[in-house]
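Asks: sequence and predicted structure below; questions after.
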Amino acid sequence: MQTILISFIFIPLIAGVLAFVLTKSVRGICALLAVIVNFLIAIFLFKKEAICTFPWAGFGMDFSLRLDHFSGFIILAAAFFSLLVVIYSLGFFKDKDNSSQFYAYLLVSLSFVNGALLANNLIILLFFWEGLLLTLFGMIAMGGRTAFKTATKAFVIVAISDLCLMAGIALTGYLAKTLMISEINLPLGSLGSLAFILLAIGAVSKAGSMPFHSWIPDAAQDAPLPFMAILPASLEKLLGIYFLSRICLEMFKLNPDSWLSIMLMIVGAITIFLAVMMALIQQNYKKLLSYHAISQVGYMILGIGTALPIGIVGGLFHMLNHALYKSCLFLTAGSVEKQVGTTDLEKLGGLIKKMPLTFVAFAVAALSISGVPPFNGFFSKELIYHAARDRGVIFYVIAVAGAFLTAASFLKLGHAVFLGKPRQEIKDVKEAPVSMLMPMGILALTCVIFGIFNYLPLNSFIQPILGERLKEYSLAGSSGDWVLVLITLAVLLGALAHHLIAVKISGNALKAADHIHYSGVFSVFYSWAEKKYFDPYAVGIKLINKIAKIFWSVDRAIDWVYASLITNITFAFSRVIHKIQAGYYIIYVVWSLVGAFAVMSFVLR
Amino acid sequence: MKNELVLLLIIFIPIIGALILPFINKISASFRNGFSFAVITFSFVFSFLLLPLVLKNQVITIFRYFPLGFNFVLTADNLAVGMAIVASFISALIVLYSFDYIKHYENQNEYYSMVVLFLGAMMGLVFSGNLILLYVFWEITAVTSWRLIGFFREKKHILRADKAFLVTVFGSLLMLLGFIRMYQETGSFDLFTIKEVVKMHPISNLTIALILAGIFSKSATLPFHTWLPDAGVAPSPVTALLHAAVLVKIGVYVFARIFVATIPISLPWQTIIPVIAGISALVSAGAALVDTDLKRIIAYSTISQIGFIFLGFSLSNEIGIAGGLLFILMHGLAKAGLFLCAGIVEQNVKTKDITQLGGLFQVMPVTAVSFLFCAFSVMGIPPFGGFFSKYMIISGTLQEGHLLIGATFLFGALLTILYLFRAFNLVFLGERKNPSLSVKEGSPLMLICVASFALLSLLAGIFIAFPNQIAQITAQQMMGIR
């Protein structure tokens, strides 16, 4: 058992190193073999439980791995997405030279993600978790000669949250007197709350929540596309939400009365709304998707933050669904990019005839993310709505408003890319190769299956995570509140009507959101956002550079004391002494008289 | 008796070797180079041989009585042997690198004898059990570093060397005053006698402050730090030696020796020292973010990281002290690598100004990757070694309840990430500023050295169990738990 657990970490790691050194023809196969083996082991180990511990670094830093239902499920999901993305990459990277880097980074990432998921010791978790920074940097930086700026941005933002996580882990370890996740059970006291907040910052920012989000849209433009499908869309979300649930369910036992629950819900609600507002006005396929990748995290955090069983189930189910449809959407963007050569919405249009299969996959995933029944997104969103309404109507209203805007922006996207008139430039476009279509097809199919037969994932994957909290009942089907369902349907129809009217007035699918973009208050905020006033990274770097200037002047001031002040005082002093003994007869006489007087007055006193 | 002999050889082989080096040059220059490498390797190997002994809690002591407290005392415990291993190992690799680096310049005899003497003095200082003996070795390092910083003999370089010498010697004179007061208060210069006496009579604060001034000036901590970035005019292997292996680590080591292992510091100092270290870490990190000279940036980074080590040693818990010890190792490996990479860049592109550099990744990939690896270790990113030392120090700080100080150092860690990426991006990525200039990669021997530092930083993280175990045992011995 122990060796099998370790193999989750070592098989992808070794394969990653091999993929880096092997020749072009073999490296893809090597990567494929590794993810297939990884996937098979994940299936084999699903629903099994094991803990194994090796002594490692002392100070409670034992190399302890734990496989239980929850980590087994997430590992299975991660293995599934990696498998599909590797298959897709076989086609995507066919005529690109840098595939060795990509496969290596992807496999090493998978290894680290597996390690972080299995970790039963917080230090091991941090070790793998923070190690992902390296592959994150590498994967973005390989996107082009200027991509390193985005890579640095991503690295710095994620590193800040990882530093918070590190502080949180140190504090938790100190309060709990152990670093073993399975043994930690802390009350949310004053220090306990601080530890919870620090850990939660690490978790939600890994998932891509605000205010740690701003690298994702930049990376969407610079990084190679399969990167977006594997890290920000699936593995990072799985990892972040997994750890958030571990904190809330196991380590701290968050309950609805806690102010921390409200905090999480606020973070979730703000993320939903602001990110989807940004998504609405994007003019680029990949960038639009990336804002949705941020916005959807808001739903998961909102669901888990409610601390109600129904909300947690909804949040976790949404995590799974989101990974399915969002990686599918990114893959469709990738095939459009590869076949047409651009993802700029202004240059696209009418692709439905050229790429029908890609369109079908896109349509299924878009319907899922918009929460249209009977696709999977509908069911998870309903659960979250239910819990949000129970905690406070304002959260529910924001969540539903987010759904409206999501639907509106996907109508715009789909209309602009696939419908309408084909452009001149894209006449001889062909459908994507099979190795790229297959993963999209599988993901779209899974979206449908997890929607219609939603009891399958709920009963076998999600509900067992909550164990006794959920008592006897099953949440399959729907949340059981028909009012909420009717509101959802009304909102979706509203979004459709809004889109049709807007297109009719403006005459262009791309301008369907312009009346929001350029209306009054919004236009001001949007122009500020475009100037990066709301990008915490841009603002923070400016601030830090100012602070650094101050520190620099402190440093120069100290140096001035040594280089100028002390030397000048020394020279001035020696000049005075020099003058006193410059060889003038009269000065020596005066000094002798002064001396004699001093001696006399001392003696005669 | 055999172990005592080994101990004496570790110190005196390099010192005597340094003196006969110029004569060996009469035979052949490459023989001289090989000899200096062999001498340092000798110290490394023999220090390593002592390790199994001291790990069993054995302490090797040599004691010869001299009047007026000037006893000749050498002690080899865990702390001393560990420090000797780290310093001699890093120095050996740096000397190997110098073979190709320094061969273009004059005064090579002086260079090699000063480097070897430097290391010998370091070994002597590490094993000294008597404050006066320690002071003597301390000043030998000051003289050798003065010669080495001014190696290129230009007016500006000599002024910088003078500055380094004056600041550190001013500090060490204050420290000598502190040692004399210590003698008055305890009646001895011997550390083990002092250790017994202070259990009854605590040392006065003025004495502690005087000794600390010496330590801070040697380890380039605020407000005595500005000589260190200025010392960047020295040849790159020298700066690597000063920053990573020997000079600045002397102060840190003596701090550990006196204030952790001998006189447990009293309560107010447990706050004062972290505060000074924190200010030092932040100010120098800020300066590193503004400066445009590659070697000065890395030098400010050293000052900043030294703050972390002082923080670790000022904590009175095991994990913090062990973190500080581990930090000496990890920082030494990574910082030496960074300086040697900067040396390759400087020598091949003929500039250190990062605004004039760029796009060097294409022409010097090995250097670039080595630089990046070492930078990751300094930033404390797993799986590199720096991660563990940083975590352990932060963890120790929070255990003491110093939340604010912990937050300060986390901010310092963030600045570390920013300035190292700034340097890396400007030097190795982006567009070439001067594409007409043909730039080639460093010589194979130099590349082997930088790549070894980079790989060792990685391996030290993956196989953390071994160094960490030694650090833990050492920390326990220093705290007197074992």
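Replies: Sure thing, it's come through.
Asks: so who does the closest residue to B:Ala336 other than its chain neighbours touch?
Replies: Nearest non-adjacent residue to B:Ala336, counting by CB to CB, 6 or more residues apart in numbering or on different chains: B:Ala244, 3.6 Å away. Yep, even glycine has a C-beta here, placed from its N, CA and C like the rest. Each residue near B:Ala244 by CB atoms under 8 Å, 6 or more residues apart in numbering or on different chains is listed here: B:Ile90, B:Ile94, B:Thr302, B:His331, B:Gly332, B:Leu333, B:Ala334, B:Lys335, B:Ala336, B:Phe339.
Asks: tell me how far the residue nearest the centre of chain A lies from A:Ala333.
Replies: Centroid-nearest residue in chain A: A:Gly208, 2.8 Å away (criterion: CA atoms, centre = their mean). Remark: distance between A:Gly208 and A:Ala333 (CB to CB, to the nearest Å) = 17 Å.
Asks: cool, and B:Phe428?
Replies: Look at B:Phe428 and A:Ala333: by CB to CB, they are 31 Å apart.
Asks: what's the answer for B:Val378, then?
Replies: Distance from B:Val378 to A:Ala333, by CB to CB: 38 Å.
Asks: likewise A:Ala159?
Replies: Look at A:Ala159 and A:Ala333: by CB to CB, they are 28 Å apart.
Asks: all the helices of the stretch 251-400 of chain A, in order from the start?
Replies: Per DSSP state H, counting those that start in this stretch, the stretch 251-400 of chain A carries helices over the ranges A:259-280, A:285-305, A:309-340, A:351-354, A:356-370, A:376-391, A:393-418.
Asks: for chain A, give me its nearest residue in the stretch 101-250 of chain B.
Replies: B:Thr226 (4.0 Å; CB to the nearest CB).
Asks: what about the strands in chain A?
Replies: A:50-54, A:63-67 (DSSP state E).
Asks: check whether the last one contacts chain B.
Replies: Read it as strand A:63-67. No. Judged by CB under 8 Å from any CB of the partner chain, strand A:63-67 and chain B are separated, with a smallest distance of 9.0 Å.
Asks: hmm, back to that, which one's more surrounded, B:Val378 and A:Ala333?
Replies: More crowded of B:Val378 and A:Ala333, by other CB atoms under 10 Å in any protein chain shown: B:Val378, with 29 against 26.
Asks: neighbours of the residue nearest to the more buried one when sequence neighbours are not counted, just the number please.
Replies: Spatial nearest neighbour of B:Val378, chain neighbours left out: B:Ala334 (4.8 Å); criterion: CB to CB, 6+ apart. For B:Ala334, the neighbour count with other CB under 10 Å is 29.
Asks: what are the phi and psi values for B:Ala334?
Replies: B:Ala334 adopts backbone torsions of phi -70, psi -40, taken as degrees, to the nearest 10.
Asks: let me know whether it touches B:Ser377 as I believe.
Replies: Yes. Between B:Ala334 and B:Ser377 there is a contact at 3.8 Å, judged by CB atoms under 8 Å.
Asks: list residues touching both of these two?
Replies: By CB under 8 Å, 6+ apart, the residues touching both B:Ala334 and B:Ser377 are B:Phe384, B:Gly385, B:Gly386, B:Ser457.
Asks: surely A:Val360 touches A:Ala444?
Replies: Yes. Assessed by CB under 8 Å, A:Val360 is found in contact with A:Ala444 at 6.9 Å.
Asks: more neighbours: these two, which one.
Replies: Neighbour tally, A:Val360 and A:Ala444, criterion other CB under 10 Å: the higher count belongs to A:Ala444, 26 against 17.
Asks: what residues are up against the more buried one?
Replies: A:Cys328, A:Val360, A:Ala361, A:Val364, A:Ala365.
Asks: and the helices in the stretch 1-150 of chain B, which stretches?
Replies: Under DSSP H, counting those that start in this stretch, the stretch 1-150 of chain B gives helices at B:2-24, B:29-55, B:78-101, B:108-127, B:131-149.
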